[in-house]
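> A predicted structure for the sequence below; I have some questions about it.
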Amino acid sequence: METLRLFEQSRHPSGLIYWLSCMARLNQKLGLEQIRTFLENAPLNQEELLPYWKFSGSHYHRNLIYGNEHFELLLFCWHRQQSSSIHKHHGSHCGVMVIQGTASEERFTATAHGQLISTETRDFKAGSILLNQARDIHKMSNQQPEDLVTLHLYSPPMRRMDCYNLERETPHYAPQRIQPSMAH
């Protein structure tokens with residue numbers, strides 16, 4: 001199984017909680033390269049992530065692992081055909097590591113007239129990392145038959161998403177407040 005192979009390759013005696021406490025001591029917002037470095041080197045093990053491995057039947061589920069004023073780490077669990085809205089992260093950089101399954105990301109750009117245009121769709125398999133700056137507009141989804149699990153590191157913590165609706169003539173800007181344990 002892809003997931004277990006990823007965990008076995010990433011075992012580290014100090015564990016994820018130790019790494020998070022070291023990051024917290026930095027006492028600062030993380031840049032994209034720091035986020036990438038953390039995700040590439042995070043000592044993941046299945047036992048530490050299992051308490052956060054929770055799905056919802058109606059939408060993807062956000063499970064908070066750790067958070068402070070500078071960053072938060074969450075495990076997202078997606079069943080088939082579950083997706084986020086089209087959004088940007090309202091001031092937060094984000095790194096995503098695919099733990100299990102295949103994540104699909106569709107990226108958008110806004111025209112001078114305020115219309116959103118899809119510019120790229122990419123698939124990311126287990127072990128892949130993708131990075132998004134605060135201004136990037138995208139949509140994440142699980143288009144595969146198997147469940148998807150992704151690890152998300154936001155800095156600063158994402159407390160609001162700027163959501164868009166393509167069904168209107170112009171993008172519908174809808175700020176959405178996010179709570180750490182919110183399941184959307």
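Structure's in. What do you need? Numbering: from 1, shown residues only.

> do a quick rundown of the strands in the protein.
Along the chain, counting by DSSP state E, strands occupy 61-67, 72-78, 86-88, 93-100, 102-110, 116-125, 129-132, 137-141, 148-155, 160-164, 174-177.

> looking at the ones you listed, which is closest to Leu30?
The closest of these to Leu30 is strand 148-155. By C-beta to C-beta, the value is 3.8 Å. C-beta here means a position set from N, CA and C on the backbone, and glycine is covered the same way.

> please name every helix or strand in contact with that closest one.
Under the contact criterion of 3 or more C-beta pairs under 8 Å, 6 or more residues apart in numbering; DSSP states H and E, strand 148-155 touches helix 32-41, strand 72-78, strand 93-100, strand 102-110.

> identify all contacting residues around the first one.
Applying C-beta atoms under 8 Å, 6 or more residues apart in numbering, the external contacts of helix 32-41 come out as 19, 23, 30, 93-97, 129, 131, 133, 151, 153, 155.

> any buried residues in it, and which?
Gln34, Ile35, Arg36, Phe38, Leu39 (16 or more other C-beta atoms under 10 Å).

> about what we covered before: the helices and strands packed on strand 148-155: which one's closest to Glu48?
Comparing the helices and strands packed on strand 148-155 under C-beta to C-beta, the one sitting nearest is strand 72-78, at 10.2 Å.

> I'd like the average pLDDT over that closest one.
Across strand 72-78, pLDDT averages out at 96.

> name the helices or strands packed onto that strand?
If you count contacts as 3+ C-beta pairs under 8 Å, 6+ apart, strand 72-78 packs onto strand 61-67, strand 148-155.

> what residues does Leu130 make contact with?
Taking C-beta under 8 Å, 6+ apart as the criterion, Leu130 is in contact with Gly95, Val96, Ala103, Glu105, Arg122, Phe124.

> equivalent analysis for Pro157, please.
By C-beta under 8 Å, 6+ apart, the neighbours of Pro157 are Gly67, Asn68, Glu69, His70, Phe71, Glu72, Ser92, Pro180.

> do you know how far it is from Trp19?
The spacing between Pro157 and Trp19, counted by C-beta to C-beta, to the nearest Å, is 17 Å.
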